[in-house]
Every structure is written in C-alpha cells, then in structure tokens.
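pasted the sequence and its predicted model underneath.
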There are 2 protein chains.
Amino acid sequence: MKDNNTFAEIAKALSEAEKILIFTHQNMDGDALGSSCAMAHNLRLLGKECWVMLNDDDIMSNLRFLAKDYCTTDENVMGVPDVSLILDASSPSRFPAKREKFEQGKLKIAVDHHLVDAADLDMKYIDAGSASTGELVFELLKEMGVAPDRETAEALFAAAITDTGRFTYSNTTAGTHEMIAELYSTGFDAAGVSVELYESENPSKVLMHARVLSGMEMLEDGKVAIARLSQQLLKETGAALSDTDGIVATLRAMKGVEIAAFLKEGEDGKSFVSLRSKNDADVAVIAKSFGGGGHKKAAGATLDMSLDEAYELVKKVVTEAVRK
Amino acid sequence: MKDNNTFAEIAKALSEAEKILIFTHQNMDGDALGSSCAMAHNLRLLGKECWVMLNDDDIMSNLRFLAKDYCTTDENVMGVPDVSLILDASSPSRFPAKREKFEQGKLKIAVDHHLVDAADLDMKYIDAGSASTGELVFELLKEMGVAPDRETAEALFAAAITDTGRFTYSNTTAGTHEMIAELYSTGFDAAGVSVELYESENPSKVLMHARVLSGMEMLEDGKVAIARLSQQLLKETGAALSDTDGIVATLRAMKGVEIAAFLKEGEDGKSFVSLRSKNDADVAVIAKSFGGGGHKKAAGATLDMSLDEAYELVKKVVTEAVRK
C-alpha cells in the first residue's frame, strides 16, 4: 500500500479545486455523515462548489438533523468534479449506487480511519489509530486554516461520539477528548446534539424491549440468556419488527452470560434468531447449523418453523454449546 | 453564603492533617464514590491515614470495582479525624448514618458541585459550573502537587462519565474533556472501566428494569413518562433497591418526553422520586416542593407516604408542570 499523503498535500489539492464532491459509505453512521457534512460546510464557506453525494436516501432517523442542504442523492447537481473525496471509507465499492459519479473526479482522494480495501486513489490519508474520521477532518480543516464554527462542531461531535460509543470504546484516545474540548469553544450545543442522537427513542420501542426482556430466560447457571418477540407482543406494543436492535446486545451485556439468543416471529410463520457470544463460544457454528451465518461472536439464521418450535430448538442447541 | 476558599487553602489544610475522613452522600453515584476514592487513594499515597466513610454498604453493583480497601462503614477505623472532608455534598444531612462521626472532625471541609444546603463548615469549595466533583478533586490534587496515577484516573473517569451521562448532559464542559484527555496519559483502561460501569449488569437488575418499564405510563401526549418500583417487584426480580440507576434516564430518553419521573418504595414505608427534564422544565422546583433538591434537569426527593400515594401526587404535580 502506498504511504499516506500529508494533510498539507491534501489541503493544497482541495484549495486548488473549485468543484468538490464528497462520498461516504452506504448504511451511514454518525461518523460517515458527520465528517462529510463538516467538510462540505467548510468547503462551501471557502467558496467551493461542494455537495455530499449520498449513496441513497436511507438516513437513520437520529442522524437526519445533520443532513443539511449540502446533502443530495442527485448526480446532476454537479458536472465533472475537480475532486472526488471519500470520507470514512476508501473505496467506491462502499457506495455502489454512486460509483460511476465518483470515477468522474479528476482527482480522487480518501480520508478514512478504516484499514480495509483502499482503492487506487490519487491521494489518501488513512489512520486506523484515529477513533473517527471526524477527527481526521478536524486536523485537515486546521491544516486548511479553518477554525470550526458551531455547525462544524455539531457535525464533528456527532462523528466522534457515535463512533466511540459515547467515548467508552477502546478506540477512544486523548486526541478524541482534546478535539471535543476545542469544539466546545465554538459554543455549540453538545447536549442538544446528544438529545438528537440518543434521546429520540420511540416509547413503543422502549416498551417492546421492556416486555421482551421481562420474559427472558436464564439457563445453565446464567451462561445462556434467551428471549423472544411474538407478533402478538409486537402488535400490543405498537413497535416495528425493525425496532429490535439492541435487545440481543442487552442480553449479552449481562454478567456471566456466554451466549445470548433473541428470537422473533415473522409475519410469514418463519422465525429469526440472533445469536451473540461473549468469550470463547462460537455462535457462527450454531447459526450455520440452522442454515444461517455470521461471525464467531455475532450470527443469525432464519428458521422455517413456528416461534415456539424455534425457541425450544435454539434453547436446546445453545445449552449444549455452553456445556462443552 | 460565605465565599469559597481557594484550592490552595484547602490543599494546605489537607497537607497539615494526619487523619482525614472522607464522607459522601448516601445513594452513592459514580461521582460520589469516584471522587472520594480518588482523594482517599492519593491522601494515602501522601502518607495520610485516610478512609472513605460510607453512609452504608449499599453500593451499586456496577460501582463496586471502585470501592477499594480504603472504603469502610466502620466508625472505629479512626479516632478523632483532623479533617472531616465531604465530597459531592456539602452537608452531613446527606449521610445521616455517619453524621456524628463527621461532627468529630477538628476541621470540616466540603468540595462539591451542587449549590444546595451547604452546612456551616470551616472551609469549602463549591462550584456548580463543574460537571462533576471528580473534576474539582482533579484540580485540588494538582494544587497538592499530585500527578494522577492509573487508579486515580479510573476513579475520576468514573466520576465524570457517570455524572455527565457519558459526556452528553448539558453540564459537560470543555474542562471535562480536558481532564479526561489528561487522564489518558496515565495509560488507564477507559474502555475497561466503561465495561464495568455499563456492561456488567446483573440479570436481576436487567429483569427489574424491564418489569418497571413494562409498567410505565405516558401522560400529556407523551410529554410525561412515569414508572414505579414496589418492594414486591423488587423481591420478585431479586434486584437491589440501588439497582435502579438508569431507569429515569431511559424514561427521559424517549422521543417527546419533557419530564420523566421514577418512584421507588423504601422498606420504611417512605417513597423516593427521581425526576429528569429534557428541555425547559425545571424539576428542581418540583423536587423542592416535596422537600428534596437537585438541579434543573435532575432532582429527587423522599416522600413520607406510601408508593401509591406518592405516585398519584407526583403524577399530578408533574402533569401540571408540563402544561405550563
């Protein structure tokens, strides 16, 4: 892999460009959208024609406040870009719907903190030691002589806080906190951004999670935690089937749990199981035995049977797995 | 109210003392225990005889990793203290079981970030602009010429992260993040501490939270969320009364909620209420009307009535507050 360019080199390339199109990965998280918006906002302030070219319109509801008028999915907003800039990814394979537009760029640059699948680019700065791409954009903006304003601070705060699990993951560094401390000097509303990001759960979802967890079973001296969501409970709580994110993580986060299993009943009479393991157990093997797949610590499968049948089957298999 | 002393004056008093007893409020949170442990650890390193005199043994399970061998409830561990030092409170009314022991101190000092009910003390440093007492202890230790070590960093990180809701509450400042950035230089394991604080829940606690949230009520078009924990539910789930942290935060985190209230039934027939507000509502005023106290966005009170009575009363008062 080629060595990184310097921020000075990338800053110079951006300064010399007039039309800059920013790309980021599909299934955008806070860092993808936050770092892209911070960059677009400042490039516009510097007089550039600049857009964030989203792969699609699928923006998580808690991130929509970030997507200002520089975000688009319309490839006709700009002709040939002087620079195609990827943020929080380093290959156009991460935004397949906009790959062709990306390739039009006269100069292709990526700034990212993931160490995977870097494409052939003209310039890049990839630093896997950075907790978020937001922090790299912060440094790049400094190099360009830009002092962050409130809108920049909101976007970079969102980038860093989401990619570090509210500053609790092991990727968090002193530099992460130093950036946030500097952003505070803009007077931006960190608590307001946090409310958008973390305090916007639907009550129906909270109620559904509570009802599901109320019915959890602990097996094998607490090594197994298993819970289920029926269509009936879904209707009673008014939640959506997609609102189940976080349930299996809560089951796994409990002290002593080695394998967590969460089952939900589809509308078609099929059942889905999500599996998580904490230490040595391999749930990919279990998921595969059901015709599914995944990683050692996170896997899942669709079972062509009723929720009751699937629940008993998963219980049996998972219990056997932790006895080994 | 008398003006604050300087940290230099308090540092001098602590330096001149030989026996120092630290007190903090009952129903300890991470800031109470974290700031107390950081101070006790360093005073011992400075050769002092020092203990943290806990009001009682009721330590939340996720905070127990902080309570090292300098924590005790035994008043006989020390004779007459040269200094009785209150951290994260400013009145012995906040630790009724150890009030007499506190009064023995030749010099009485408080360091706190709450603006309420300061007792008559010999010295004090009260700064409501600080997000946590941990940050004040950090400054005081600096004044004493102490560089934090890993154990100090763990305790102060726990203090700050818990009192700021993982750096999302409006009390968080640039100074909070600057302290954390400095603490990282000790090489302490911030992610490990975060797992202790946020991912080591007892199954009984998770079950209790789920049962409490299953019974939540939404009032006033979802502007009020209220829930309750009875002694019976506590027994059924096997959880401890101190395991309730996080419930009121979950209630507040729901979309549209302006005021969240959580009530729990004590063993003595009394009831406790925790109140949180999201935007403009002032729950300190409500808590005060019940004889309690706190901040605008986080307050609480003990009510001398049954859970049923307290629940109806709080419902009425909180509903009126959001109608304003």
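Here it is on my side, so go on.

where does chain A dip in pLDDT?
Low-confidence segments of chain A, defined by pLDDT under 70: A:1, A:116-117.

can you show me the helices along it?
Ranges of helices within chain A are A:7-16, A:30-45, A:99-103, A:133-143, A:150-163, A:174-184, A:190-198, A:203-214, A:231-237, A:247-252, A:283-289, A:307-323, based on DSSP state H.

now those as JSON lines including distance to residue B:270?
Yep, even glycine has a C-beta here, placed from its N, CA and C like the rest. Listed next are the helices of chain A as JSON lines, based on distance: least, Cβ to Cβ, whole Å:
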{"stretch": "helix A:7-16", "distance to residue B:270": "60"}
{"stretch": "helix A:30-45", "distance to residue B:270": "43"}
{"stretch": "helix A:99-103", "distance to residue B:270": "65"}
{"stretch": "helix A:133-143", "distance to residue B:270": "47"}
{"stretch": "helix A:150-163", "distance to residue B:270": "38"}
{"stretch": "helix A:174-184", "distance to residue B:270": "41"}
{"stretch": "helix A:190-198", "distance to residue B:270": "32"}
{"stretch": "helix A:203-214", "distance to residue B:270": "26"}
{"stretch": "helix A:231-237", "distance to residue B:270": "33"}
{"stretch": "helix A:247-252", "distance to residue B:270": "31"}
{"stretch": "helix A:283-289", "distance to residue B:270": "46"}
{"stretch": "helix A:307-323", "distance to residue B:270": "42"}
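
okay, those helices in a markdown table with mean neighbour count next?
As requested, these are exported to a markdown table (neighbours: other Cβ atoms under 10 Å in any protein chain shown):
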| stretch | mean neighbour count |
| --- | --- |
| helix A:7-16 | 17 |
| helix A:30-45 | 26 |
| helix A:99-103 | 15 |
| helix A:133-143 | 24 |
| helix A:150-163 | 26 |
| helix A:174-184 | 22 |
| helix A:190-198 | 20 |
| helix A:203-214 | 22 |
| helix A:231-237 | 15 |
| helix A:247-252 | 21 |
| helix A:283-289 | 19 |
| helix A:307-323 | 17 |
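
so for residue B:5, which of these sits nearest?
Of all those, helix A:174-184 sits nearest to residue B:5, with 27.1 Å by Cβ to Cβ.

how far off helix A:190-198 does the closest one point, in degrees?
120 degrees (axes from the mean of the first three to the mean of the last three Cα atoms, to 10 degrees).

and helix A:174-184, is it in reach of chain B?
Yes - applying Cβ under 8 Å from any Cβ of the partner chain, one finds helix A:174-184 touching chain B at A:174, A:175, A:177, A:178, A:180, A:181, A:182, A:184.

which one is residue A:204 nearest to, not counting chain neighbours?
residue A:238 (4.0 Å; Cβ to Cβ, 6 or more residues apart in numbering or on different chains).

from chain B, how far out is that neighbour?
Counting by Cβ to the nearest Cβ, to the nearest Å, the separation of residue A:238 from chain B is 11 Å.

can you pull the contacts of residue A:158?
A:30, A:33, A:34, A:63, A:66, A:134, A:193, A:197 (Cβ atoms under 8 Å, 6 or more residues apart in numbering or on different chains).

would you check how far apart it and chain B are?
Residue A:158 is 11 Å from chain B, by Cβ to the nearest Cβ.

so for that residue, what's the nearest residue that isn't a sequence neighbour?
Using Cβ to Cβ, 6+ apart, the nearest residue to residue A:158 is residue A:34, at 4.0 Å.

kindly report the same for residue A:213.
Closest to residue A:213 by Cβ to Cβ, 6+ apart is residue B:210, at 3.6 Å.

up against chain B, what does the stretch 51-200 of chain A have?
So the stretch 51-200 of chain A meets chain B at A:161, A:165-170, A:172-175, A:177-178, A:180-182, A:184-185, A:189-191, A:194-195, A:197-200 (Cβ under 8 Å from any Cβ).

try it again with 10 Å
A:61-62, A:157, A:161, A:164-185, A:189-195, A:197-200 (Cβ under 10 Å from any Cβ of the partner chain).

show me what contacts the residue nearest to residue A:6 when sequence neighbours are not counted?
Leaving out its chain neighbours, the residue that sits closest to residue A:6 by Cβ to Cβ, 6+ apart is residue A:125, at 7.7 Å. Residue A:125 is in contact with A:4-7, A:9-10, A:90, A:109-113, A:133, A:136, A:139-140, counting by Cβ atoms under 10 Å, 6 or more residues apart in numbering or on different chains.

gap between residue A:125 and residue A:159?
As judged by Cβ to Cβ, to the nearest Å, residue A:125 and residue A:159 stand 16 Å apart.

over to residue A:74?
From residue A:74 to residue A:159 the distance is 24 Å (Cβ to Cβ).

got it, and residue A:309?
44 Å.

mind exporting the C-alpha coordinates of stretch A:133-141 to CSV?
Provided in CSV are the C-alpha atoms of stretch A:133-141 (Å, rounded to 0.1, in the frame of the first residue of the first chain):
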residue,chain,number,x,y,z
THR,A,133,-12.9,10.1,10.5
GLY,A,134,-14.3,13.3,12.2
GLU,A,135,-11.0,13.7,14.0
LEU,A,136,-9.1,13.5,10.7
VAL,A,137,-11.4,16.0,9.1
PHE,A,138,-10.8,18.3,12.2
GLU,A,139,-7.0,18.1,11.6
LEU,A,140,-7.4,18.6,7.8
LEU,A,141,-9.5,21.7,8.4
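
residue of the stretch 1-150 of chain A closest to chain B, please.
residue A:61 (9.1 Å; Cβ to the nearest Cβ).
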